[in-house]
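Peer 1: model this:
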Amino acid sequence: MNKSYRLLGVSAFAIVFAALAFGGVSAQEKKKAEPKPAACNSLKDESGCGARTDCSWIAASINEKTKKETRRAYCRSKPKTTTKKT
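Peer 2: A predicted model of the protein is given here:
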């Protein structure tokens, strides 16, 4: 009876150890992945926004009467194109 408990404990330890070992490999693979580029709405200058093909620069809005800026210029992502099924 004592040997069967010992065998059960050793096999459980082996299973847990194997799961931790394979989990560590997948975590290392995730760390090696390339970082994603910054989102378009985080870009604050026109040159950085214009350099990317998936972003577009929206010019500032200026009030004609007061000559003051009513809306600041910003960068936003271009809409994604979808193919329509016919």
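Peer 1: For Cys40, grab the count of nearby residues.
Peer 2: 18 (other C-beta atoms under 10 Å). C-beta: built from backbone N, CA, C; applies to glycine.
Peer 1: correction: Val10
Peer 2: 10.
Peer 1: any idea how far it lies from Ala19?
Peer 2: 15 Å (C-beta to C-beta, to the nearest Å).
Peer 1: now Lys67
Peer 2: On the measure of C-beta to C-beta, Lys67 and Ala19 end up 67 Å apart.
Peer 1: between these two, who's got more neighbours?
Peer 2: Taking neighbours as other C-beta under 10 Å, Lys67 and Ala19 compare with Ala19 leading, 10 against 7.
Peer 1: What is the three-state secondary structure of the residue positioned nearest the centre of the chain?
Peer 2: The centroid of the chain falls nearest to Lys36 when counting by C-alpha atoms, centre = their mean (5.4 Å). Counting by DSSP: H, G, I helix; E, B strand; the rest coil, the backbone at Lys36 sits in coil.
Peer 1: and if you look at Ser47?
Peer 2: Assignment for Ser47 (three-state DSSP): helix.
Peer 1: looking at this, Lys65 is in a strand?
Peer 2: No. Lys65 is assigned coil when assessed by three-state DSSP, not a strand.
Peer 1: Strands along the protein, start to end?
Peer 2: In the chain, the segments counted as strands under DSSP state E are 55-58, 61-62, 69-71, 74-77.
Peer 1: How far off centre is the first one?
Peer 2: Right, strand 55-58. 20 Å (C-alpha atoms, centre = their mean, to the nearest Å).
Peer 1: Go ahead and name everything in contact with that strand.
Peer 2: Contacts to strand 55-58, defined as C-beta atoms under 8 Å, 6 or more residues apart in numbering, come from residues 40, 43, 46, 49-50, 73-78.
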